[in-house]
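Asks: heads up, no residue letters with this:
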């Protein structure tokens, strides 16, 4: 058993690793080829990857997606095996899910994935000749069909990234980009950072208060039989108007609406069916209700039902 030699310049010689792959038995060639590629890559990372400053500069040309600007991306569409397509659209500084449902998206997750994509580089490139010479197919790399396909709208063009299988060793991943036939090997972080389900793409904040935090003048807890109403007061800041007229604690009320309520998180999305029977959840007649508004208009309404 032997492994490819490394040139004095620190790069893997292509004919060396192909010669080694040809050494394998014909009946197990495809399997051994994938394993061999992973082993060679692991050795490369362990012994050759430490680079000089000049080599790091040259590595810029190894970006898996050239001419990519994440700030110009306005739409992300993610298609996975046995998963409904997820489509996100950027609105200002935030991302909104448009499909399969309309809901605020995990903006931080979308921005992180785009950042990783912009930083991703390939450490090994397999040409169509390399693949064909070993009798391998795209399916052997998890790329026919791909495990995931991410389509980005960047300005007036679309960029496509296909994510395939992980390598057996080395924490790497097979990818194809745009319409290029070559297979690239890159860091598996690109797959790890991709939310795997529709639920994972949804914003887990229970109530979006960012748009109204400075524009409300009323906080109301219903029903009135065991609730109360708070309103802004030009002298005291806040006043309790129901059930009795009393001076309110302005700092406490501001913390409630500006910090405490926005920290509420969703543990599970039970249903999105608008016609669901609300009675089993205690929401046909809510146990309690929180409203934040301006004047007589409710800007936010949260209904509380029974405990699960």
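Replies: Received it, and whenever you're ready, just let me know what you need. Predicted model only: the values in this text are computed from it and were never measured.
Asks: quick one: the helices in the stretch 201-308 of the chain?
Replies: Residue ranges of the helices in the stretch 201-308 of the chain, as given by DSSP state H, counting those that start in this stretch, are 250-255.
Asks: Show me where it dips below the pLDDT cut-off.
Replies: Residue ranges of the stretch 201-308 of the chain with pLDDT under 70: 208-214.
Asks: hmm, try it at 90
Replies: For the stretch 201-308 of the chain, applying pLDDT under 90 flags the ranges 205-219, 223-226, 232-240, 243-264, 274, 291-301, 306-308.
Asks: same question, the stretch 1-150 of the chain
Replies: Applying pLDDT under 90 to the stretch 1-150 of the chain flags residues 1-61, 66-67, 81-83, 91-93, 134.
Asks: got the residue ranges for the helices in it?
Replies: With DSSP H, counting those that start in this stretch as the criterion, the stretch 1-150 of the chain has helices at 14-22, 29-43, 53-58, 107-119, 128-133.
Asks: Would you mind confirming that residue 283 makes contact with residue 277?
Replies: No. With contacts counted by Cβ atoms under 8 Å, residue 283 stays clear of residue 277, the gap being 9.5 Å. In this view, the C-beta of every residue, glycine as well, is placed from N, C-alpha and C.
Asks: can you count the residues close to the residue lying closest to residue 99 once chain neighbours are set aside?
Replies: Excluding the flanking residues, the one nearest residue 99 by Cβ to Cβ, 6 or more residues apart in numbering is residue 87, at 4.2 Å. For residue 87, the count of nearby residues is 19 (other Cβ atoms under 10 Å).
Asks: who touches residue 87 in this structure?
Replies: For residue 87, the contact set (Cβ atoms under 8 Å, 6 or more residues apart in numbering) comprises 75-78, 97-99.
Asks: same check, this time on residue 81
Replies: 145, 147-148.
Asks: any idea which of those residues has the most stuff around it?
Replies: Counting neighbours by other Cβ under 10 Å, residue 148 leads the contacts of residue 81 with 20 neighbours.
Asks: which residues of the stretch 101-250 of the chain fall in strands?
Replies: For the stretch 101-250 of the chain, the strands defined by DSSP state E, counting those that start in this stretch occupy 103-104, 124-126, 148-154, 157-166, 172-177, 183-187, 218-222, 228-233, 237-242, 246-247.
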